[in-house]
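Asks: Any chance you can model this:
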Amino acid sequence: MDIRRFFAAGLVLMALAPLTVDAKSGGKSEKSRRPTVELFAFGLQGASGSTIGPDGALYVTQGAIGEISRVDLQTGLVTPFASGLPNSILGIGGVIDVAFLGKHAYALVTLVGSDVGGNADVGIYRVNGPNHELVADIGEFAINNPPHTEFEVLSGLQFAMEVYRGEFLVTDGHHNRLLRATLDGTVSEVIAFANIVPTGLEVLGRTVLMAQAGPVPHLAEDGKIVAFRPGWPFGQEVASGAPLLVDVEFGARQKLYGLSQGDFPDGEPPATPALPNTGALVQVNTEGGFDVVVEGLNLPTSIEIVHDTAYVVNLVGEVWRIRGL
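Replies: Residues are numbered from 1 along each chain as shown. Down below sits the predicted model:
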């Protein structure tokens, strides 16, 4: 079945209304409600990945200092949750994402191995209070099983993880593949891609949604959301047209959203962030494209949606709340 028709039939794209709101001006189109955009939390360092925990709070990674923080969604209060995780040594990486499997938190750590001058293990760690146990050594797997696409970093650059049927799915934006990691430490390749730079993940039942930024310079036509199920040889395109797409999230009223980091600076190397204040929250439409919900976001990296409210984490250490989706 064509995946666009599958979603358009009502599982994801029901009752869509195009939104065109500027984060600064707050303007709106005549066809849409107007979301409100406000700074909700700040002071995070090297913020990147996020998730909603079993207690309903937002958990955010801080790669610059090797910590995970809890953000109360009622008050915006930021409190420490985990510390002592490997931190970034290259300006990107360290603890880059977080997920809960049951009541236990797990942290994804990247770009900290000996191949980049570090001394820590690349992979998934179980968070146990002040102690953290390596569950899956993704770095070792990557080095022993190099990808077919061109690469420079032996251990890869893992970007996001999502729980899937009691295991973890992990994107590697440098090695261009999706990996599976189990709690017994087994790591395997689910799908290998061409140079499409897979980034954020979302799971709907047995279906996996994945954002892809596309190769440098991350043009809008290369920013896509694709859908697949493990075992499929490739993903099927759901929507395209957003530059440097870094995340995908399912929202209220069966709407599907993407998070665009924005315009890539000319001539910069891979893994360089987008230009400041060029990011956007976009919504998938029935034509297989994106409608802008909020633009002018500053270096966004991940998004979580609770009911009709989105929480956008950015590289400058802020969480922005967007209400009224």
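
Asks: what separates the residue nearest to Ser260 when sequence neighbours are not counted from Pro300, distance-wise?
Replies: Leaving aside its chain neighbours, Ser260 sits nearest to Ala242 (4.0 Å; criterion: Cβ to Cβ, 6 or more residues apart in numbering). Where you see a C-beta, it was placed from the backbone N, CA and C, and this is true even at glycine. According to Cβ to Cβ, to the nearest Å, Ala242 stands 11 Å off from Pro300.

Asks: who has more neighbours, these two?
Replies: Ala242 (30 against 26; other Cβ atoms under 10 Å).

Asks: The more buried one is in contact with Gln283, isn't it?
Replies: No. In terms of Cβ atoms under 8 Å, Ala242 does not count as a neighbour of Gln283; the distance is 10.2 Å.

Asks: any shared contact partners between these two?
Replies: By Cβ atoms under 8 Å, 6 or more residues apart in numbering, Ala242 and Gln283 have these common neighbours: Gly258, Phe290.

Asks: okay, and the common contacts of Ala242 and Pro300?
Replies: With Cβ under 8 Å, 6+ apart as the test, Ala242 and Pro300 both reach Ser260.

Asks: State the distance from the residue nearest to Ser260 to Leu299.
Replies: For Ala242, the distance to Leu299 (Cβ to Cβ) stands at 15 Å.

Asks: before we move on, what about Ile89?
Replies: The value you get for Ile89 to Leu299, if Cβ to Cβ is used, is 20 Å.

Asks: And for Val98?
Replies: 19 Å.

Asks: In terms of neighbours, single out the busier of the two.
Replies: Neighbour comparison, Val98 and Leu299: the larger count goes to Val98, with 26 against 21 (by other Cβ under 10 Å).

Asks: Kindly state the pLDDT recorded for that one?
Replies: Per-residue confidence (pLDDT) for Val98: 98.

Asks: Wait, it touches Tyr106, no?
Replies: Yes. Assessed by Cβ under 8 Å, Val98 is found in contact with Tyr106 at 7.0 Å.

Asks: Next up, the contacts around the closest residue to Leu90 other than its chain neighbours.
Replies: Nearest residue to Leu90, sequence neighbours excluded (Cβ to Cβ, 6+ apart): Leu111, at 5.5 Å. Residues in contact with Leu111 (Cβ under 8 Å, 6+ apart) are Ser88, Ile89, Leu90, Ile92, Gly93, Gly94, Gly118, Val122, Val153, Ser155, Leu157.
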